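>>> Here is my input, please return the structure:
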Amino acid sequence: MTALQVSARELVQAAYENRYTWDKAFPGYTTEVTLKLGDQTFQGTAKVNPDLSAEVFGVEDETAHKTIKNQLWEVAIHRVSRPFESVHGKNTFKVDGTEADGAVKIAVGGSSEGDAYKVKGNEFTMVHRHIHGTVVTIDTFSSYDTGSGYLSHTYDSVYHDPKTGELKQGRSEFVDDYTQVGSYTILAKRTVTSADGPDMEISFSNIELL
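All right, here's what the predicted structure looks like:
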């Protein structure tokens, strides 16, 4: 293994281990939730359990109920702490150039052939991954420092067909804001502006740990 490959792996591992995650003692939480979907507003309550499953209460509209549940699941699944080797042990990494802003481009081989990352300052500034028959590319523009790892603050996403390169879902822009509850950092608000619409804003208030 060359020095470049070693350094690429070390760069990815450092960024991976610098992500903010919840520990195994995470108790779950309850929250009030307000969802603005296009020109409609829905309010209810929700619960994220210690196993990271989510429940939504008081929202009868099927689309709104599903949207809230999906958002809670998506947030929680990214807070799971898994050892680097269990996720990337079968992958290889190679430095593929450096961007003007200093971000290092890294190509992934092995079990995740075709994936790619950009790493700058121990943070992922771009993630390009094949997930369930779709290629998702996420560029992060700013981050939030929790003191125990970073979280993305402003970022966008685009989805393509891996075989044809055809756009499957247009660009969506995200802004995530966080709050500290006990010893945990929890999403307080997410705004999504989508090329395919409708725009979405989801806010969480009165967050209490279980």
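>>> For the lengthiest strand in the chain, buried residues please.
Across the chain, the strand with the greatest residue count (assigned by DSSP state E) is strand 167-181. Neighbour-count burial for strand 167-181 flags S172, F174, V175, D176, Y178 (criterion: 16 or more other CB atoms under 10 Å). In short, each C-beta sits where N, CA and C put it, glycine included.
>>> Tell me the helices and strands packed up against that strand.
The contact analysis (3 or more CB pairs under 8 Å, 6 or more residues apart in numbering; DSSP states H and E) places strand 167-181 against strand 134-145, strand 150-160, strand 184-194, strand 200-209.
>>> Name every strand pairing with it and say which way it goes.
Strand partners for strand 167-181, identified by DSSP bridges, are recorded as strand 150-160 (antiparallel), strand 184-194 (antiparallel).
>>> most centrally placed residue in this protein?
Residue closest to the mean C-alpha point of the chain, counted by CA atoms, centre = their mean, is H78 at 5.6 Å.
>>> Below-threshold pLDDT in this structure: ranges please.
1-6 (pLDDT under 70).
>>> angle of the longest strand of the chain against strand 200-209?
Strand 167-181 and strand 200-209 are oriented at 30 degrees to each other (axes from the mean of the first three to the mean of the last three CA atoms, to 10 degrees).
>>> From here on, call the first residue 846.
Sounds good: first residue 846 from here, last item strand 1012-1026.
>>> what sits up against strand 1012-1026?
By CB atoms under 8 Å, 6 or more residues apart in numbering, the residues outside strand 1012-1026 that reach it are 874, 979, 989, 991, 996-1006, 1030-1041, 1052-1054.
>>> Show me how far it is from its chain's centre.
With CA atoms, centre = their mean, to the nearest Å as the basis, strand 1012-1026 stands 8 Å off its chain's centre.
>>> end to end, how far does stretch 921-937 reach?
Taking CA to CA, to the nearest Å as the measure, stretch 921-937 stretches 27 Å from start to finish.
>>> what does that stretch contact?
For stretch 921-937, the external contacting residues (CB under 8 Å, 6+ apart) are 850, 854, 857-858, 861-862, 864-869, 871, 893, 897, 899, 953-957, 960.
>>> Flag every buried residue along that stretch.
If you call a residue buried by 16+ other CB under 10 Å, then stretch 921-937 has these buried ones: A921, R924, H933, T937.
>>> now the third one: how far from I1031?
So that's H933. 27 Å (CB to CB, to the nearest Å).
>>> cool, and R1016?
27 Å.
>>> repeat for A909
With distances defined as CB to CB, the gap from A909 to I1031 amounts to 21 Å.
>>> ok, now S926?
Using CB to CB, we find S926 at a distance of 15 Å from I1031.
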